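Chemist: Dropping a prediction and its sequence here:
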Amino acid sequence: MLAGDVSSAVRALKSGDGDPILVAGSCTLVHTLPLERLVDELRLQVFPVSIGNGLRVFPEDRTKLWWQLVDSRTFDNGVVANTFRPSDIP
C-alpha cells in the first residue's frame, strides 16, 4: 500500500531492488503514473465487445504522451494484446 506522495513512493520502489511493479485495478494510479513518466511498459488488451460506458483508461488531461508499439498479439477469440513503451518520437 502506498501513502503520501504516490509519485515519490513509486520512484523509491523503482530505484530499489525487486521484481517489476504491476498496477491492476487502480484507476488513480493508472491515471497518475504515465503523466509522471513512471511507466516503463503499458499493456493494453482490446476486446471485441462494446459496452457503451465505464472507467476511462486515460485521464481527461490534455497532456500528449507518445508510445511505441513493441508487441501485438491477436488471439483466436478476437482479443488483441498490445505492449507499448514510452517514446519521445511522435
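Modeler: That came in fine, so what should we check first?
Chemist: Dig out what the spatially most central residue of the chain forms beta bridges with.
Modeler: Nearest residue to the geometric centre of the chain (Cα atoms, centre = their mean): Leu42, 4.2 Å. With beta bridges defined as DSSP bridges, Leu42 has these partners: Phe84.
Chemist: Give me the pLDDT for it.
Modeler: Confidence at Leu42, expressed as pLDDT, is 91.
Chemist: For it, give me its contacts.
Modeler: Shown here is Leu42, whose contacts under the criterion Cβ atoms under 8 Å, 6 or more residues apart in numbering are 34, 67, 83-85. Every C-beta, even on glycine, is put in place using the N, C-alpha and C of the backbone.
Chemist: and stretch 54-63, C-alpha only, in PDB?
Modeler: Coordinates of each C-alpha in stretch 54-63 appear next as PDB, following Å, rounded to 0.1, in the frame of the first residue of the first chain:
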ATOM      1  CA  GLY A  54     -17.100   2.500 -18.000                       C
ATOM      2  CA  LEU A  55     -13.900   3.800 -16.500                       C
ATOM      3  CA  ARG A  56     -11.500   5.700 -18.700                       C
ATOM      4  CA  VAL A  57      -8.200   4.100 -19.400                       C
ATOM      5  CA  PHE A  58      -6.500   7.600 -19.600                       C
ATOM      6  CA  PRO A  59      -7.300  10.700 -17.600                       C
ATOM      7  CA  GLU A  60      -9.200  13.600 -19.200                       C
ATOM      8  CA  ASP A  61      -5.900  15.500 -19.400                       C
ATOM      9  CA  ARG A  62      -4.600  17.300 -22.500                       C
ATOM     10  CA  THR A  63      -1.000  16.100 -21.900                       C
END
